[in-house]
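Asker: The sequence isn't on hand, but the structure is:
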């Protein structure tokens, strides 16, 4: 330890000076954050408005549907996604699996306990118990899939479709039960990001393939679309979707602000994703395509079975980075289209009579920043786990 410190931090007097100065700055910053969180922060504004910050004006009598969606999704994730090991690695011990689970889900669990502590109602406690039970049941179903021959012989498409039926049904019931205009808070941010990511991924792949097409017209159209969308600011596109569409669409089919936001986020992110995927396709050696042709494979099979999977694997970090950027950009929908998302609510609750003019903006912005940071951090760590599982960067 002493040798490492001398080599890396105190090699020269200049290194020692920088180490001491920046260590002091880091300790001061850590102490300031700790003091704000534990001692000086006035978190009663979060305690009073927690439901408003998380779900907006979503009907209270329909909250059980949201709980059902989260619980069913937790079951599906534990049963299908799981935590496969890196290829070629030895099976980890129970203690190692526990540490892996803590590193993977510890932050989410900690934030969940903070939210439960702030809510302080029996309903939230039962919600946590339901999630834990769903995760345990999902893990057990995954073990049954491996051990029972009849389940193991089921095609993956059927197996995944059956398990995904519960969360999909709950999501449909949730959307149909409450008017989308009542959705708000972190719920609408998550909904916009999830739906936009789900839609922009296949569109971005098609645009990347179209820009590399041998057909001149297809290549030209895709290139014009990508360059035009990437050259326009996202906020301007959101404003245009809120204003310009009213001049072209009759009031009978005028889409709501949520639909407009999802459309703009999808089209905008797909243009960036297309360039990311195109870069991944260019990184594949031409010998891969030539080998596929030598085997007599048609062009579509070469693309979707040989080159595209390798390209997507090579650009996982860039894809996740774009998805994280999309997740954070959902806050622009509040300013451009008056959607009551979390940042808009965070600013509005400081104007309540009990908190007006008392400087609570720091606490609400810190809470909003925490939730967005947790979501972004989890996405980043999961992408790293997928990279290790697929052996990205290894030979």
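Answerer: Cool, the structure landed. Bear in mind the structure is a predicted one, so any value in this text is a computation, not a measurement. Numbers count the residues shown, from 1 in each chain.

Asker: what comes up buried for the helix or strand containing residue 264?
Answerer: Secondary-structure assignment from DSSP states H and E places residue 264 in helix 257-282. By neighbour count on 16 or more other C-beta atoms under 10 Å, the buried set for helix 257-282 is 257-258, 260-278, 280-281. To be clear about C-beta, it is placed using only N, CA and C from the backbone, and glycine gets the same treatment.

Asker: what does stretch 299-319 give?
Answerer: Buried, per 16+ other C-beta under 10 Å, within stretch 299-319: 302, 303, 306, 307, 308, 311, 312, 314, 315, 316, 318, 319.

Asker: counting contacts, what elements does the helix holding residue 264 pack onto?
Answerer: Contact partners of helix 257-282 among helices and strands, from 3 or more C-beta pairs under 8 Å, 6 or more residues apart in numbering; DSSP states H and E: helix 185-211, helix 216-230, helix 234-243, helix 308-314, helix 316-329, helix 332-337.

Asker: Out of these, the one nearest residue 382 is which?
Answerer: For residue 382, the closest of the helices and strands packed on helix 257-282 is helix 316-329, at 8.0 Å, according to C-beta to C-beta.

Asker: could you say what helices and strands the closest one packs with?
Answerer: Using 3+ C-beta pairs under 8 Å, 6+ apart, helix 316-329 is in contact with helix 185-211, helix 257-282, helix 361-390.

Asker: how far is the first one from where the chain is centred?
Answerer: What that stands for is helix 185-211. In terms of C-alpha atoms, centre = their mean, to the nearest Å, the centre of helix 185-211 is set 11 Å apart from its chain centre.

Asker: and if you look at the second one?
Answerer: Remark: helix 257-282 is offset 15 Å from the chain centroid, using C-alpha atoms, centre = their mean.

Asker: okay, now residue 20: neighbour count?
Answerer: 12 (other C-beta atoms under 10 Å).

Asker: can you check residue 320 too?
Answerer: 19.

Asker: contacting residues for the nearest residue to it once chain neighbours are set aside?
Answerer: Nearest in space to residue 320, with sequence neighbours left out and distances taken as C-beta to C-beta, 6 or more residues apart in numbering, is residue 383 at 3.8 Å. Contacts for residue 383 (C-beta atoms under 8 Å, 6 or more residues apart in numbering) come out as 316, 317, 319, 320.

Asker: Distance of residue 383 relative to residue 377?
Answerer: 11 Å (C-beta to C-beta, to the nearest Å).

Asker: Residue 204 now?
Answerer: Taken as C-beta to C-beta, the span from residue 204 to residue 377 is 24 Å.

Asker: Compare the two (neighbour count), which wins?
Answerer: residue 204 (24 against 13).

Asker: Please name the spatially closest residue to that one (chain neighbours excluded).
Answerer: Excluding the flanking residues, the one nearest residue 204 by C-beta to C-beta, 6+ apart is residue 273, at 3.0 Å.

Asker: and what of residue 68?
Answerer: For residue 68, the nearest residue in space outside its immediate sequence neighbours is residue 170; the separation is 4.6 Å by C-beta to C-beta, 6+ apart.

Asker: Just give me the neighbour total for residue 116.
Answerer: 14.

Asker: Relative to residue 127, how far out is it?
Answerer: Applying C-beta to C-beta to residue 116 and residue 127 gives a distance of 8 Å.

Asker: Local confidence estimate at the residue nearest to residue 338 when sequence neighbours are not counted?
Answerer: Residue nearest to residue 338 in three dimensions, not counting chain neighbours: residue 257, with 6.6 Å by C-beta to C-beta, 6+ apart. At residue 257, the model reports a pLDDT of 89.
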